[in-house]
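Colleague: Please find the sequence and the predicted model below.
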Amino acid sequence: MSDNLTLPAQQGSTGASTEALLTVEGLTKHFPIYGGFPIKRKVGAVQAVDDVDLTVGVGESVGLVGESGCGKSTTGRLITRLLEPTGGKITYAGQDITHASRRQMASVRSEIQMIFQDPYSSLNPRQTVGTIIKSPMEVNGIDPAGGREKKVRELLELVGLNPEHYNRFPHEFSGGQRQRIGVARALALNPKLIVADEPVSALDVSIQAQVVNLLQKVQEELGIAFLFIAHDLAVVRHFSQRVAVMYLGKVVEVGDRDSIYNRPRHPYTHALLSAVPEVAMDDETENRERIRLAGDVPSPIMPPSGCRFRTRCWKAQDKCATEEPPLLQISGNREGHLTACHFPEDPSTEARTEDVVLDPALKALEDVEKD
Amino acid sequence: MSDRHYEPEPALAATAVGGTVDLGVEEAETPKKRPAGPDGPAPQDRPRSLWSDAWRDLRRNPVFIVSGLVILFLVLIALWPSAIASRSPLDCDLSKAQEGSQAGHPFGFDGQGCDVYTRTVHGARTSVAVGVLATLGVAVLGSVLGALAGFFGGIWDSILSRITDVFFAIPVVLGGLVLLSVITSDTVWPVIGFIVLLGWPQLSRIARGAVITAKQHDYVQAARALGASNSRLMLRHIAPNAVAPVIVVATISLGTYIALEATLSYLGVGLKPPSVSWGIDISAASPYVRNAPHALLWPSGALAITVLAFIMLGDAVRDALDPKLR
């Protein structure tokens, strides 16, 4: 497969047909680890996000997927400037907001909003729904026509809640309803970009679809760009036009939805997709490939040299340990489909001749079953 | 949530009267009471905060009712002691020293011939004043410092934590003997000041922990993402969610501060005669406990009941505000 690897003609093109709203270049966040006695000093760093490039176009929805602990949420919080980036550059609508102070951010704040994962922790239990949804307008000094209360009622209606529930407290609502309140709060300032940090993963599966549909409706009707962070590939496929796959703080593959889901090239993307459970009445799923990864994600404190996925990759060779694969459009990829791999897989999700089973215990078990 | 939908009475009544329960009627009526929202049961009509939940719990708690009544009574006699004890507590007659209970003097006389009943009633004012004022001082100083340390963290947190460690290391009684013996004042202020000085680290630790916990919630991050200022985060989002443990510990401490005032007065470094205080009376009566035990028992009993009432109130408030701590 290595002969397929050729350098791409163009670089930096991420296939965004529309104008870029948010551009992230080389974004890095290292959390320092302090230790030692008697004076604590920096003894290491958790490399949560390392050199991430990402573009979100106007009105575009971009999915960010990956295993737990791969830096998805940190990336989201860096973009909303809840965390201070260690390095790199965040540009929003042509404005560099990488290290903008609270006052400098004031004009941008209303345009970038966030939806949180946990609907129980993200709403202040001491405030009524009205106060919660109103607070973005209060903080930013915005007075919509007809008053703030009217706007809150409109928002409640927009997200499918009863406007009469204005004076209730969050604990009186179910998880899905609370997440709708969170969506209403994010919409209060008519944002242009919403960072949704696993907005449905804390919800019951039957409720997930409702909230995803609500978000999709909002995205389509109001033309809001979304950075949709999730580990549920099915949800991302439903929601996103473009998808970026993260592994251990790095983007390993990015492309439009069909490229990622139907023509994945990075072995990690293959492994992720093969792990999606599918309900099928007959044995159609038999011709899907099956990859069972072994072990956990390596520690982000001491990530593997070269390609970070090499410790769990079935195609890893010496080159992977010494040379870090750049995120490029490798041959056979469509426009805007970038992959960071020295030895990419075939652009297909069809079954290979033999399953890849990297977990020794699982392999032993399956061998017993075959006999 | 479940207790709000819990309506056992009609069903129970039906069982008692008719012997059968028509569940069909119940089920048919329920959806009208709770119009279902898109995602599940819709909330009830009456808005309820956690404070009103706590108040509802407290009203049903017999411990709260009893201790609350005792404290109400104490506060009333502290404000208007003459209403039930018209004599002056300093009106003493040595010829009646150590005499027992008699008409008009139900608690008898102490070693100086003063009426024990009058002195016990008038002593309540000192105890309540010291308890309430010291608690207020401790709560304000401790929670402000603790909240700032918890909110800003870093170097300020480290400095404050070391300072609280130093104050925790001071033995209360020894510190009181040393510090208060050099102050000559016949008001309650030195005692209150001393209690605040030694009491604030406890509250500041509680407040610091509560603020650190509240700070990590997503709603604080959400407000920060909206561009809310630090003061808005602190006052609107963190303080209301961190104040409960501070209130609980302050209420429980109130009783111990009253006991501490009595201890210091007993040792002769708190309030000094002619002030009227249970601690002074206990101290004065203890040498004559064989001849006149009543002069010791009444102020001691009043002190014990007061301290117990405040500690039980604190327990009840804690149970109501945070059932998980129980």
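Modeller: Thanks, I have it.

Colleague: CA atoms for contacts and neighbours, from now on please.
Modeller: Will do.

Colleague: wait, what's in contact with the spatially most central residue of chain B?
Modeller: Nearest to the mean C-alpha position of chain B, by CA atoms, centre = their mean, lies B:Thr251 at 2.1 Å. Residues in contact with B:Thr251 (CA atoms under 8 Å, 6 or more residues apart in numbering or on different chains) are B:135, B:310-311, B:313-314.

Colleague: Would you state the helices of chain A in chain order?
Modeller: Here chain A has its helices, by DSSP state H, at A:72-79, A:102-109, A:129-139, A:148-158, A:175-187, A:205-222, A:233-239, A:257-262, A:267-274, A:318-322, A:360-370.

Colleague: swap in the stretch 151-300 of chain B?
Modeller: Using DSSP state H, counting those that start in this stretch, the helices of the stretch 151-300 of chain B run over B:154-168, B:172-181, B:189-215, B:218-225, B:230-232, B:239-266, B:278-285, B:293-321.

Colleague: what's the most buried one of the ones you listed?
Modeller: Among these, helix B:278-285 has the highest mean neighbour count (mean count of other CA atoms under 10 Å in any protein chain shown), at a mean of 24.

Colleague: so who does the residue nearest to A:Tyr166 when sequence neighbours are not counted touch?
Modeller: Among residues not flanking A:Tyr166 along the chain, A:Gly130 sits closest, at 4.8 Å (CA to CA, 6 or more residues apart in numbering or on different chains). Going by CA under 8 Å, 6+ apart, A:Gly130 touches A:149, A:152, A:166-168.

Colleague: now A:Gly130: how far from chain B?
Modeller: A:Gly130 sits 12 Å away from chain B, going by CA to the nearest CA, to the nearest Å.

Colleague: cool, A:Ala275 as well?
Modeller: A:Ala275 is 29 Å from chain B, where distance means CA to the nearest CA.

Colleague: so that residue makes contact with A:Arg290?
Modeller: Yes: at 7.2 Å, A:Ala275 counts as touching A:Arg290 under the criterion of CA atoms under 8 Å.

Colleague: The two: which is more packed in?
Modeller: A:Arg290 (23 against 15; other CA atoms under 10 Å in any protein chain shown).

Colleague: got a pLDDT number for that one?
Modeller: If you check A:Arg290, the pLDDT there is 73.

Colleague: Hmm, it is touching A:Val276, no?
Modeller: No: with contact defined as CA under 8 Å, A:Arg290 does not count as touching A:Val276 (9.8 Å).

Colleague: that older thread, please identify the deepest-packed of the helices of chain A.
Modeller: Ranked by mean neighbours (mean count of other CA under 10 Å), the helices of chain A are led by helix A:175-187, with a mean of 26.

Colleague: Could you list every helix and strand that that one packs against?
Modeller: Helices and strands touching helix A:175-187, by 3 or more CA pairs under 8 Å, 6 or more residues apart in numbering or on different chains; DSSP states H and E, are strand A:112-115, helix A:129-139, helix A:148-158, helix A:205-222.

Colleague: Which one, of those, ends up nearest to B:His122?
Modeller: helix A:129-139 (48.3 Å; CA to CA).

Colleague: Just the C-alpha atoms of the closest one, please, in PDB.
Modeller: Presented in PDB, the C-alpha positions along helix A:129-139 are these (Å, rounded to 0.1, in the frame of the first residue of the first chain):
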ATOM      1  CA  VAL A 129     -35.300  28.700  33.100                       C
ATOM      2  CA  GLY A 130     -36.200  32.200  32.200                       C
ATOM      3  CA  THR A 131     -33.200  33.600  34.100                       C
ATOM      4  CA  ILE A 132     -30.900  31.000  32.500                       C
ATOM      5  CA  ILE A 133     -31.900  31.800  29.000                       C
ATOM      6  CA  LYS A 134     -32.000  35.500  29.600                       C
ATOM      7  CA  SER A 135     -28.500  35.700  31.100                       C
ATOM      8  CA  PRO A 136     -26.700  35.700  27.700                       C
ATOM      9  CA  MET A 137     -28.600  38.800  26.800                       C
ATOM     10  CA  GLU A 138     -28.000  40.400  30.200                       C
ATOM     11  CA  VAL A 139     -24.300  39.700  30.100                       C
END
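
Colleague: Could you tell me the angle between it and helix A:175-187?
Modeller: Relative orientation of helix A:129-139 and helix A:175-187, computed by axes from the mean of the first three to the mean of the last three CA atoms, to 10 degrees: 20 degrees.
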